[in-house]
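Colleague: Got a predicted structure here, sequence first:
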Amino acid sequence: MATSRTDTSTTSRILFGGGLSALCEERPEQRAAEPELEGQGPTGADVTMWPWEHAAVGYLVYSIVVHVLRGRSPTGREAIVVALASQFPDVVDKPLSWELGIVSTGYGAAHSVLFAVPLSIGAVYVAHVYDRGHLGAAFAIGYLCHLPGDLLLGYLNQGRIPIENVLWPVRIADPVGETPEGGFITTFQEYLSGYVGEILAGTPETATLIGFTTLTGCFVVWLLDGAPGVREVFGALTSH
């Protein structure tokens, strides 16, 4: 399914007259322009922001924060915590939906601001108590950056901000387009095959291009920061 595109008049209404409600509602002309194709599987750009893209966004934001506030680069441990925390919502919600079928969509409690914000505050507090406040901040930033990343991708793909993705259980995301009956591995492979297909065909969607640009920028910043985390990971792998 191709990334949604709006005409000039629709864009004008969104920017000057529609407000947030227009961004969060699917437009009739969009539904007419994008008929569902029977048997069409999901593609990577249609459904999810990739793990490496979430990690890139989290690291970029954290690097900027510590450079501005501390005048230094992220440490190795901080970089690792940011990367892991950036995956937390998907590590929790996707298996619960795609593999176990406990929830109907991959956007559940871990994606919800009603859960993410208190948990992040608690992580910062506990880390501060144990004199590891910098690691708590790394967790909070990595985690919380995941949510707007998904909203941006949703807007690029749907032409609206899918605010319901971050408001569980007050609002529950529509499971259409997800295939939890296929299991976690099968569903992930379907999405990944669509993503790789775009790249190989030379026809990447806007979301894919933005993700690739973000990843490239993060890699450059990470190198300039001294490649934090490499020594720690290498040490852990060779310690036994």
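Modeller: Arrived safely, thanks for sending. Numbering: from 1, shown residues only.

Colleague: Check the contact between Asp90 and Pro51; I expect there is one.
Modeller: Yes - Asp90 lies in contact with Pro51 (Cβ atoms under 8 Å); the separation is 7.0 Å. For glycine as for every other residue, the C-beta is placed from the backbone atoms N, C-alpha and C.

Colleague: ranges for the helices of this protein?
Modeller: 8-12, 19-24, 28-33, 44-47, 51-70, 76-85, 88-94, 113-129, 133-158, 183-201, 206-224, 230-238 (DSSP state H).

Colleague: and Asp225, how many neighbours does it have?
Modeller: By other Cβ atoms under 10 Å, the residues close to Asp225 number 18.

Colleague: just Leu60 next, same as before
Modeller: Considering only other Cβ under 10 Å, Leu60 is surrounded by 18 other residues.

Colleague: can you count the residues close to the closest residue in space to it that isn't next to it in sequence?
Modeller: Once flanking residues are discounted, Leu60 sits nearest to Cys218: 5.1 Å by Cβ to Cβ, 6 or more residues apart in numbering. The local packing of Cys218 (other Cβ under 10 Å) involves 20 other residues.

Colleague: For Gly106, which of the helices of the chain is the nearest?
Modeller: If you check each of those against Gly106 by Cβ to Cβ, helix 88-94 wins as the nearest, at 4.6 Å.

Colleague: buried residues in that closest one?
Modeller: Neighbour-count burial for helix 88-94, counted by 16 or more other Cβ atoms under 10 Å, picks out 88-90, 92-94.

Colleague: Can you tell me which of those is nearest Gln189?
Modeller: Looking across the buried residues of helix 88-94 and measuring by Cβ to Cβ, the closest to Gln189 is Lys94, at 12.9 Å.

Colleague: so that closest one makes contact with Gly106?
Modeller: Yes - using Cβ under 8 Å, Lys94 makes contact with Gly106 at a distance of 4.6 Å.

Colleague: Enumerate every residue touching Leu224.
Modeller: By Cβ atoms under 8 Å, 6 or more residues apart in numbering, the contact list for Leu224 reads Ser73.

Colleague: Roughly how far does it sit from Asp93?
Modeller: Leu224 sits at a distance of 33 Å from Asp93 (criterion: Cβ to Cβ, to the nearest Å).

Colleague: same thing with Thr206?
Modeller: From Thr206 to Asp93 the distance is 25 Å (Cβ to Cβ).

Colleague: wait, what's in contact with Gly58?
Modeller: Gly58 touches 82-83, 85-86, 141-143, 145-146, counting by Cβ under 8 Å, 6+ apart.

Colleague: repeat that with 10 Å
Modeller: The contact partners of Gly58, by Cβ atoms under 10 Å, 6 or more residues apart in numbering, come to 79, 81-87, 138-139, 141-146, 149, 218.

Colleague: No more questions from me, cheers.
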